[in-house]
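Asks: no sequence for this one, just the structure:
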């Protein structure tokens with residue numbers, strides 16, 4: 001009884017610490033940095049008469065994370081069946097934990113300690129599989145958009161012969177094929193581990209076996225859910241840019257947005273710093289595009305790009321982190337037995 005009370009107390013203290021760190025980072029990013037106040041006047045003018053747009057944008061955020069919760073629930077059924085509501089709570093609490101960690105690695109902690117019947121290591125591996133599927137979609141569309149951007153929106157290759165351009169396309173195609181082959185053959189990682197005789201690898205192999213349980217159909221379904229998520233948050237970004245006054249066509253907008261997500265996926269960041277990094281990347285790509293676009297009014301467009309990038313981050317990460325803080329107390333860090341793999 002005494003041990004249970006101590007564990008419960010430590011669990012409560014750790015939950016409070018997570019919330020404190022999350023709120024502290026959010027406060028620092030929004031109110032201790034000059035960038036947000038530079039955009040505040042813009043937001044006040046823009047959103048004054050658009051409350052329905054804000055509600056619709058938040059609804060898209062909820063759909064986005066609902067799809068992520070469904071994907072995690074779908075993958076997790078190999079070890080534990082949970083409701084979509086519990087899956088969504090775990091996803092939100094994961095965002096709360098991850099928002100102050102490098103590359104959002106805390107997201108795994110926020111999710112797996114919501115589980116009751118799944119070994120934490122295997123829960124983390126299942127979560128990683130979901131992240132890999134999302135990364136695959138980002139890499140595929142980002143790579144294709146990079147080629148389109150280089151050939152159509154910039155003069156990077158104007159001085160190079162045609163065979164260089166053809167070689168670049170072929171390399172891109174081969175890279176995409178290899179990426180997809182690796183995704184649908186994740187079990188090769190487990191097979192490779194069988195040839196390694198180190199004690200640490202041998203002990204970890206029993207956890208790693210979880211990745212061999214998924215069929216190609218299940219991996220494809222997971223990829224489809226990731227694709228739907230990608231469409232939702234890409235559309236979010238596009239309508240935000242368009243509604244703020246950047247009248248860019250849908251195809252060009254999708255190319256630019258895919259490149260932004262592509263670069264963000266491969267650049268190591270702390271989640272809170274994404275607000276500045278995302279804005280810088282978006283502005284850099286927009287400046288290249290706008291110098292080659294014809295008939296496009298670009299006056300004041302830089303401010304719109306920065307404001308849209310920042311607002312996208314606020315709604316898609318900051319707001320879910322605040323929502324997730326209400327579920328952090330459901331995480332069970334102590335006084336629990338870890339199921340065997």
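Replies: On my side now, so go ahead. Keep in mind that what you see is a predicted model, and the values were worked out from it rather than measured. Residues are numbered from 1 along each chain as shown.
Asks: in stretch 302-310, what counts as buried?
Replies: Under the neighbour-count criterion of 16 or more other Cβ atoms under 10 Å, stretch 302-310 has 304, 305, 306, 307, 308, 309, 310 buried. Quick note: C-beta positions are derived from backbone N, CA and C, even for glycine.
Asks: who touches residue 227 in this structure?
Replies: residue 137 (Cβ atoms under 8 Å, 6 or more residues apart in numbering).
Asks: and it, that's in a helix?
Replies: Yes - assessed with DSSP: H, G, I helix; E, B strand; the rest coil, residue 227 lies in a helix.
Asks: Looking at it now. What's its pLDDT?
Replies: Here, the pLDDT recorded for residue 227 equals 96.
Asks: One more: the one 10 residues further on?
Replies: At residue 237 the predicted local confidence, pLDDT, stands at 90.
Asks: State the phi and psi torsions of it.
Replies: With angles defined as degrees, to the nearest 10, residue 237 sits at phi -60, psi -40.
Asks: Would you check that it makes contact with residue 305?
Replies: No - under the criterion of Cβ atoms under 8 Å, residue 237 is not in contact with residue 305, lying 10.2 Å apart.
Asks: Mind listing what's buried along stretch 73-91?
Replies: 73-76, 79-80, 82, 86-91.
Asks: picking up where we left off before, quick one: the buried residues of stretch 302-310 as a markdown table, columns for secondary structure and pLDDT too.
Replies: Formatted as a markdown table, those follow (DSSP: H, G, I helix; E, B strand; the rest coil; pLDDT from 0 to 100):
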| residue | secondary structure | pLDDT |
| --- | --- | --- |
| 304 | helix | 78 |
| 305 | helix | 80 |
| 306 | helix | 79 |
| 307 | helix | 81 |
| 308 | helix | 83 |
| 309 | helix | 81 |
| 310 | helix | 81 |
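Asks: Now for those residues: which two are most distant?
Replies: Comparing all pairs in those by Cβ to Cβ, the longest separation belongs to 304 and 310, at 10.9 Å.
Asks: Which residues are in contact with residue 179?
Replies: Contacts for residue 179 (Cβ under 8 Å, 6+ apart) come out as 136, 139, 140.
Asks: ok, now which ones touch residue 63?
Replies: Residues near residue 63 by Cβ under 8 Å, 6+ apart: residue 232.
Asks: That one looks like it's in a helix, true?
Replies: Yes - assessed with three-state DSSP, residue 63 lies in a helix.
Asks: Out of the buried residues of stretch 302-310, which is nearest to residue 95?
Replies: residue 310 (17.4 Å).
Asks: Against residue 181, how distant is the closest one?
Replies: Distance, residue 310 to residue 181, by Cβ to Cβ, to the nearest Å: 38 Å.
Asks: following the host helix or strand of residue 75, which helix or strand shows up next?
Replies: Assigned by DSSP states H and E, residue 75 belongs to helix 51-76. Downstream of helix 51-76, the next assigned helix or strand under DSSP H and E is helix 84-98.
Asks: what angle separates that next one from helix 51-76?
Replies: 100 degrees (axes from the mean of the first three to the mean of the last three Cα atoms, to 10 degrees).
Asks: So for the next helix or strand after helix 84-98, mean pLDDT?
Replies: Sequence order places helix 106-112 as the next helix or strand after helix 84-98, per DSSP H and E. Summarised as a single mean, pLDDT over helix 106-112 is 81.
Asks: Need the residues that contact helix 106-112.
Replies: Residues outside helix 106-112 that contact it (Cβ under 8 Å, 6+ apart) are 72, 90-91, 93-101, 118, 120, 123-124, 127-128, 324, 328, 331.
Asks: just stretch 197-213 next, same as before
Replies: 78-79, 119, 121-122, 125-126, 129, 186-187, 189-190, 193-194, 196, 341.
Asks: ok, of those residues, which come out buried?
Replies: 79, 119, 121, 122, 125, 126, 129, 186, 341.
Asks: For the strand or helix carrying residue 264, name the packing helices and strands.
Replies: For residue 264, the host element (DSSP H and E) is helix 250-266. For helix 250-266, the packing partners by 3 or more Cβ pairs under 8 Å, 6 or more residues apart in numbering; DSSP states H and E come out as helix 120-148, helix 216-243, helix 274-292.
Asks: Specify the angle between the very next helix or strand once past the first one and helix 216-243 in degrees.
Replies: Looking back up the chat, that one is helix 120-148. Once the chain leaves helix 120-148, the next helix or strand it forms, by DSSP H and E, is helix 162-183. Inter-element angle recorded for helix 162-183 and helix 216-243: 130 degrees (by the same axes, to 10 degrees).
Asks: Just want the angle from helix 162-183 to helix 120-148.
Replies: 160 degrees.
Asks: got the buried residues for helix 162-183?
Replies: In helix 162-183, counting by 16+ other Cβ under 10 Å, buried: 168, 183.
Asks: can you give me the mean pLDDT across that helix?
Replies: Mean pLDDT, helix 162-183: 80.
Asks: In a helix, residue 46, correct?
Replies: Yes - Residue 46 sits within a helix when classified using three-state DSSP.
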